[in-house]
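Q: The following comprises the amino acid sequence and a computationally predicted model.
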Amino acid sequence: MTNDDFRSWVHAHQARIESALDGCLPRSGVPPERLHGAMRYAVLGGGKRVRPLLACASGELAGADALRLTHAACAVELIHAYSLVHDDMPAMDDDVLRRGKPTCHVEYDEATALLVGDSLQSLAFELLASKPLARDPAVQLEMIRLLASASGSRGMAGGQAIDLESVGKLLELPELEYMHIRKTGELIRASILLGAHCGEMEEPALEKLDHFAKSIGLAFQVIDDVLDAESTTATLGKTAGKDMKDNKPTYVSLLGVKEAREMAGNLHESALDALAEFGVRALRLRQMADFIVGRQF
Ligand code: GRG
């Protein structure tokens, strides 16, 4: 299959996810109007939708129903959008640009941005708990547990806490990896596993998929560090060069761009190896992995 075919798959799924997100977010005219307007501002009309696309790719591998997958995909994107809103706030990364537009607290205000993040997080779990996602209710409960664990203090929020503590420090590679697996990797891993749980996948296939998910989750972050160092604000739609300016330890500050790219390449290879037994059925996941490592933004 061609790149054009992958592009059509991405566009079709992005459109479906956008429309489902639009449908699950409260209308901006519904009180409290300002909060609902800000939630829609933070979620709609931007972002690559990498996590939902990964959920769809792994769900399709597991033969999942498209509607179930769309719900799971929306839930992971809502968590991601919440994390971006909070991350951009002055108490954290203090940034003014996200997805090519003013950050939520700049467009609205800090209190609203805080509530946007809180509400998006709750909405994600409401969605997972209220829509039929898996044939077995025990599996659906496991999906809720998985997303909660990936986004909590032992996952993304914990990784963010370590990130904030690390400013100005010189971390060793294993410490940097520990932080990034949590801050970025866990939500990507959860997206892929949630997709698979919408369909039918058991051990040992699930273990292979998990290996893929962990490798590509870390590769995503390595490339994110490279892009922060090499790309422009206009291309990224967020402030470039911020890691260095903020004196943050990154794969680039530790290894340099060339070695960081090599590391991403090794993780990419390891991710693809884990998919070997799925054959052509894992084409979309392979293409997503190629996109994550080869992306320019
Ligand atoms: C506030 C609990 C909490 C966590 C924040 C998301 C995050 C953790 C920090 C954002 C800072 C950052 C650059 C993280 C690295 C990877 C990442 C999440 C990049 C942004 O994700 P993309 O590239 O963004 O998928 P789009 O806009 O395309 O969705």
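A: Alright, I've got the coordinates. Residues are numbered from 1 along each chain as shown.

Q: residue contacts, the closest residue to A57 other than its chain neighbours?
A: Leaving aside its sequence neighbours, A57 sits nearest to R284 (C-beta to C-beta, 6 or more residues apart in numbering; 3.8 Å). Heads up, the C-betas are built off the backbone N, CA and C, glycines and all. Taking C-beta atoms under 8 Å, 6 or more residues apart in numbering, we find R284 in contact with F6, W9, C56, A57, E60, L61.

Q: got those as TSV, with distance to the ligand columns?
A: Output for the contacts of R284, formatted as TSV (distance: C-beta to the nearest ligand atom, whole Å):
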residue	distance to the ligand
F6	17
W9	17
C56	15
A57	15
E60	20
L61	21
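
Q: quick one: which of these sit in helices?
A: F6, W9, C56, A57, E60, L61 (DSSP state H).

Q: OK, contacts around the second one?
A: W9 makes contact with R284, Q287 under the criterion C-beta under 8 Å, 6+ apart.

Q: again with the third one
A: Residues in contact with C56 (C-beta under 8 Å, 6+ apart) are H13, I17, L69, T70, A73, G195, R284.

Q: any idea of the pLDDT on it?
A: pLDDT for C56: 98.

Q: What strand or helix carries L35?
A: helix 33-43 (DSSP states H and E).

Q: Other residues contacting that helix?
A: 21-22, 25-30, 77-78, 81-82, 84-85, 104, 107-108, 112-113, 115-116, 119-120, 123.

Q: now, which of these lie close to the ligand?
A: With the criterion set as C-beta under 6 Å from any ligand atom, the members of these near the ligand are L84.

Q: and the contacts of helix 33-43, which are buried?
A: 21, 25-26, 77-78, 81-82, 84-85, 104, 107-108, 112-113, 115-116, 119-120, 123 (16 or more other C-beta atoms under 10 Å).

Q: Would you mind listing what in the stretch 101-250 of the chain touches the ligand?
A: M156, A157, Q160, K183, T184, Q221, D224.

Q: surely the fourth one meets A161?
A: What that stands for is K183. No. Judged on C-beta atoms under 8 Å, K183 makes no contact with A161 at a distance of 9.0 Å.

Q: Can you pick out the residue with more neighbours from the two?
A: K183 (21 against 14; other C-beta atoms under 10 Å).

Q: list the contacts for that one?
A: Per C-beta under 8 Å, 6+ apart, neighbours of K183: M156, G159, Q160, I162, D163, Q221.

Q: Not including adjacent chain positions, what is the nearest residue to it?
A: Nearest to K183 is G159, by C-beta to C-beta, 6+ apart, at 2.8 Å.

Q: what's the helix or strand for the one you found?
A: Here G159 is assigned to helix 156-166, by DSSP H and E.

Q: What mean pLDDT does that helix get?
A: Mean predicted lDDT for helix 156-166 stands at 96.

Q: Flag every buried residue along that helix.
A: Quick answer for helix 156-166 (16+ other C-beta under 10 Å): M156, A157, G158, G159, Q160, I162, D163, S166.

Q: How about the last one, nearest residue that isn't a chain neighbour?
A: Going back to what we said before, that points to S166. P249 (5.4 Å).

Q: So that neighbour belongs to a strand, correct?
A: No. Per DSSP: H, G, I helix; E, B strand; the rest coil, P249 lies outside any strand segment and is coil.

Q: what's near enough to touch it?
A: Residues near P249 by C-beta under 8 Å, 6+ apart: S166, K169, L170, L171, L176.

Q: What's the separation between the residue of the chain found nearest the ligand and L78?
A: Going by C-beta to the nearest ligand atom, the ligand is nearest to G47 of the chain, at 3.2 Å. Distance, G47 to L78, by C-beta to C-beta, to the nearest Å: 12 Å.

Q: likewise E203?
A: E203 is 29 Å from L78, by C-beta to C-beta.

Q: Same question for R145.
A: For R145 relative to L78 (C-beta to C-beta), the value is 17 Å.
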